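Q: Predicted structure and sequence below. I'll ask about it afterward.
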Amino acid sequence: MHIFRTHTCNDLRQSHVGQTVRLSGWVHRKRDHGGLLFVDLRDHYGLTQCVIEPESEHFGTFEHLRVESVVTVSGKVVDRLSDAKNSNLPTGDIELVIETCEVQSRAEELPLPVFGEPDYPEDIRLKHRYLDLRRQKLHKNIILRGQIINSIRRRMIDQGFNEFQTPILTASSPEGARDFLVPSRLNPGTFFALPQAPQQFKQLLMVAGFDKYFQIAPCFRDEDARADRSPGEFYQLDMEMSFATQDDIFAVIEPVMAGVFEEFAEGRDVTQTPFPRIAYRDAMLKYGTDKPDLRIDIICSDVSPFFVEDGVEFKAFKGIVEGGGTVRAVPAPGTKDKPRSFFDKMNGWAQKEMQAPGLGYIRFEDGENGLEGKGPIAKFFPADVLVRMAAHAGVGDGDALFFAAGKETDAVKLTGAARTEVGTQLGMIDDNVFKFCWIVDFPMFEWDEDNKKIDFSHNPFSMPQGAMEALENMEPLDILAYQYDIICNGIELSSGAIRNHRPDIMYKAFEMAGYDRAMVDTEFAGMINAFKYGAPPHGGIAPGIDRIVMLLAGVENIREVIVFPMNQQAQDLMMNAPAAVDSKQLRELHLRLDLPKEKDKSGS
RNA sequence: GCGGGUGUAGCUCAGUUGGUUAGAGCGCUGGCCUGUCACGCCAGAGGCCGCGGGUUCGAGUCCCGUCACUCGCGCCA
């Protein structure tokens, strides 16, 4: 008999009754009846109830053994009496009568209970991640992650893509995030950067003629965290292909995403391919964001012109529109029965959460003379203006409109947030649906208000639509790029682009954003040089693995799908990283610290 | 860097208009219990009310500051 186990804790069934077997695992739970003691033994695979009687020489061992200790037990598999079977457990028909046992590892009192999985403070969970990972829910998420990555890998390979490994110690890449730096001992005073993405490498692989690249790529960015953004490091399905149009990229990645989501959706509905494509400008107008949650069936609109019509007396918004601002309408469908407090709360939300001046509203109801407006500001509008505005915004009897007004950027931002808030408050978000879309036609350039200049609005290495001709002849802010995002349920899974593979167009685009030729030649030497020796047109995308797993696992926080995550301050509480190093290590690197004055941390 | 929320036992939380000795459940320790599977019953230990200052005869409670955690903004094109 194997010294640790003949079966796993999920193997034994009625057919094993009578056999002598051996199991190893963690003591999940004990139920001590004095004269009889039940031990639920747990391993990666499942749970088996073991039972021990007081006559046994090992009874005392189990009486005082703490849960989560690791034991090996041997004994006979017996049938349970019919009313003692547990239908909730795959092994619930049988139990193991313990004859011999060996304690492999005693557990001390736990900082974090495994059984029952009660909510626990996240810093404790992170510090004792190995305990947290024993819990079924997290354990399952991590296994799911591995299965999803396997599925993605298989789907990419099936489409003829080759997997590559690119350097971890490299130079700063063209992304705009802060780099993690690694000092070079052999080259004092110089630093590697960890890749923010393998962007330049994958493009260089295209120049090298490999045609179809992919990698489950680790990416490192020294930026602040969000619920859906892990600090420090994360993984992307990074892919790139040559001689491909935007549609070719979509045709490759859509079946991968749709296929993976369908494979792991467990009955949840997934958008059929091809995914809807929404132009950036339309997305900003209709949804107030470039990552719309299409589960919310609300379409916003610009209603600015109605506020400056003759006879409209609502001076606050009129002034905003006349001053070059804008008013956007966010429909709230089916709110006839909502109390006044619903609308007041939305206004309070806008002021508190969005730090907006407020959120005006009008409720529409059929009256004696047709559709009528109700609410505090309706009285400032002639009846016919209200009717036309309702028609324009697509609302009718029993609906309401919220108004987000201000400078266009502010109004759009408030519109997008209000749309989500209304959708949430009205219960319009279906958790059992994955709604995908592409956002396309991002502008190539934008106006940088801080520096009063034109700058790249997205990726400087994207190909402008219309190529050189557009750069030379069009108004810069009107030029679009072959740049696209893929969105699922309001979460941006990835940006991608058809790249600019032409040095002449590259120099021109950078020149328009105020960067001279010399700067391009030094900052992006590797790539611009490569493009001078025959580069294929190419493009790609890099969907975030962690976010895909997060959506499929149905969790709100990205740390629930990462095996050893850092906290929001980008600290690993379990490994104590980052940490100070001793002076010998610093001397070897010719580094001297110049730290800011330390904060008073006596509060903890 | 900025804004919101939270901070009372190991954990989840209650704690009245400011008023005597700060409670409950879970967990932990000890005892009892032969069919449980969220086992049950009894007893016990466990508190700088995040920290500092202020108001007050008196602060867990009110005010100011600060720290920690978290969500968001900036940032991440």
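A: Thanks, I have it.
Q: all helices for the stretch 151-300 of chain A, in order.
A: A:199-207, A:246-264, A:280-287 (DSSP state H, counting those that start in this stretch).
Q: Let me know which of those is tucked in deepest.
A: Burial of the helices of the stretch 151-300 of chain A is given as mean neighbour count (mean count of other Cβ atoms under 10 Å); helix A:199-207 ranks first at a mean of 23. Using the backbone N, CA and C atoms, a C-beta is placed for each residue, glycine as well.
Q: Let me see the contact set for A:Cys437.
A: A:Thr271, A:Phe275, A:Pro276, A:Arg277, A:Ile278, A:Pro292, A:Leu294, A:Ile486, A:Ile487 (Cβ atoms under 8 Å, 6 or more residues apart in numbering).
Q: just so I know, which of the helices of the stretch 151-300 of chain A lies nearest RNA strand B?
A: Among these, the nearest to RNA strand B by Cβ to the nearest atom of the strand is helix A:199-207 (6.2 Å).
Q: close to RNA strand B, is that closest one?
A: Yes. Using Cβ under 7 Å from any atom of the strand, helix A:199-207 comes into contact with RNA strand B via A:Gln199.
Q: where exactly do the strands run in the stretch 401-550 of chain A?
A: A:433-434, A:436-440, A:445-448, A:453-456, A:483-488, A:491-498, A:538-541 (DSSP state E, counting those that start in this stretch).
Q: Compare those and give me the one nearest RNA strand B.
A: Using Cβ to the nearest atom of the strand, the strands of the stretch 401-550 of chain A put strand A:453-456 closest to RNA strand B, at 5.6 Å.
Q: where are the low-confidence patches of the stretch 301-450 of chain A?
A: Along the stretch 301-450 of chain A, no part satisfies pLDDT under 70.
Q: Buried by neighbour count: which residues of the lowest-mean-pLDDT helix or strand in chain A qualify?
A: Least confident element among the helices and strands of chain A, by mean pLDDT, DSSP states H and E: helix A:340-352 (a mean of 80). Buried positions in helix A:340-352, judged by neighbour count with 16 or more other Cβ atoms under 10 Å: A:Phe342, A:Phe343, A:Met346, A:Asn347, A:Trp349, A:Ala350.
Q: Inside strands: which ones of the contacts of A:Cys437?
A: Using DSSP state E, the subset of these located in strands is A:Arg277, A:Ile278, A:Ile486, A:Ile487.
Q: For the third one, give me its contacts.
A: Okay, so that is A:Ile486. Contacts of A:Ile486 by Cβ under 8 Å, 6+ apart are A:Ile253, A:Met257, A:Phe275, A:Phe436, A:Cys437, A:Trp438, A:Glu492, A:Leu493, A:Ser494, A:Gly496, A:Ile541, A:Pro543.
Q: still on that earlier bit, in CSV: the contacts of A:Cys437, plus distance to RNA strand B.
A: Compiled in CSV, the contacts of A:Cys437 are given as follows (distance: Cβ to the nearest atom of the strand, whole Å):
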residue, distance to RNA strand B
A:Thr271, 23
A:Phe275, 21
A:Pro276, 22
A:Arg277, 19
A:Ile278, 17
A:Pro292, 14
A:Leu294, 18
A:Ile486, 15
A:Ile487, 13
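Q: Kindly give a single ChimeraX line that selects the buried subset of the residues you listed.
A: To isolate in ChimeraX the members of those that are buried, counting by 16+ other Cβ under 10 Å, one can use:
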select /A:271,275,278,292,294,486,487
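Q: hey, what's A:Gly406 bridged with?
A: Assessed by DSSP bridges, A:Gly406 has beta-bridge partners A:Thr326.
Q: So what's the residue count around A:Gln49?
A: A count of neighbours around A:Gln49, defined by other Cβ atoms under 10 Å, yields 22.
Q: which non-adjacent residue is nearest it?
A: A:Glu95 (4.5 Å; Cβ to Cβ, 6 or more residues apart in numbering).
Q: swap in A:Leu37?
A: A:Ile52 (5.1 Å).
Q: In this structure that neighbour contacts A:Leu41, no?
A: No. With contact defined as Cβ atoms under 8 Å, A:Ile52 does not reach A:Leu41; the gap is 11.3 Å.
Q: Would you mind pulling the contact partners of stretch A:409-419?
A: Everything outside stretch A:409-419 that qualifies as a contact, by Cβ under 8 Å, 6+ apart, is A:284, A:287-289, A:292, A:296, A:298, A:300, A:325-328, A:330, A:346, A:350, A:353-354, A:356, A:359, A:402, A:404-406.
Q: Just the buried residues from these, in PyMOL please.
A: Of the contacts of stretch A:409-419, the buried ones can be selected in PyMOL as follows, counting by 16+ other Cβ under 10 Å:
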select buried, chain A and resi 284+287+288+289+292+296+298+300+325+326+327+328+330+346+350+354+356+359+402+404+405+406
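Q: Next up, the contacts around the residue nearest to A:Leu37.
A: Going by Cβ under 8 Å, 6+ apart, A:Ile52 touches A:Leu36, A:Leu37, A:Val39, A:His58, A:Phe59, A:Phe62, A:Val97, A:Ile98.
Q: Out of those residues, which are close to RNA strand B?
A: Okay, of these touching RNA strand B (Cβ under 7 Å from any atom of the strand), that's A:Leu36.
Q: Can you add distance to A:Val77, pLDDT and neighbour count and give the contacts of A:Ile52 back as CSV?
A: Putting the contacts of A:Ile52 into CSV (distance: Cβ to Cβ, whole Å; pLDDT from 0 to 100; neighbours: other Cβ atoms under 10 Å) gives the following:
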residue, distance to A:Val77, pLDDT, neighbour count
A:Leu36, 18, 91, 12
A:Leu37, 18, 93, 21
A:Val39, 15, 95, 26
A:His58, 17, 90, 20
A:Phe59, 20, 90, 16
A:Phe62, 18, 90, 22
A:Val97, 8, 96, 16
A:Ile98, 11, 95, 24
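Q: Closest one to A:Val182 out of the contacts of A:Ile52, please.
A: In terms of Cβ to Cβ, no member of the contacts of A:Ile52 lies closer to A:Val182 than A:Val39, at 48.9 Å.
Q: ok so, going back, will you turn the helices of the stretch 151-300 of chain A into a markdown table that also has distance to A:Val27 and mean pLDDT?
A: As requested, the helices of the stretch 151-300 of chain A are exported to a markdown table (distance: least, Cβ to Cβ, whole Å; pLDDT from 0 to 100):
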| stretch | distance to A:Val27 | mean pLDDT |
| --- | --- | --- |
| helix A:199-207 | 49 | 94 |
| helix A:246-264 | 32 | 96 |
| helix A:280-287 | 52 | 92 |
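Q: Those: which one's closest to A:Glu163?
A: helix A:199-207 (11.2 Å).
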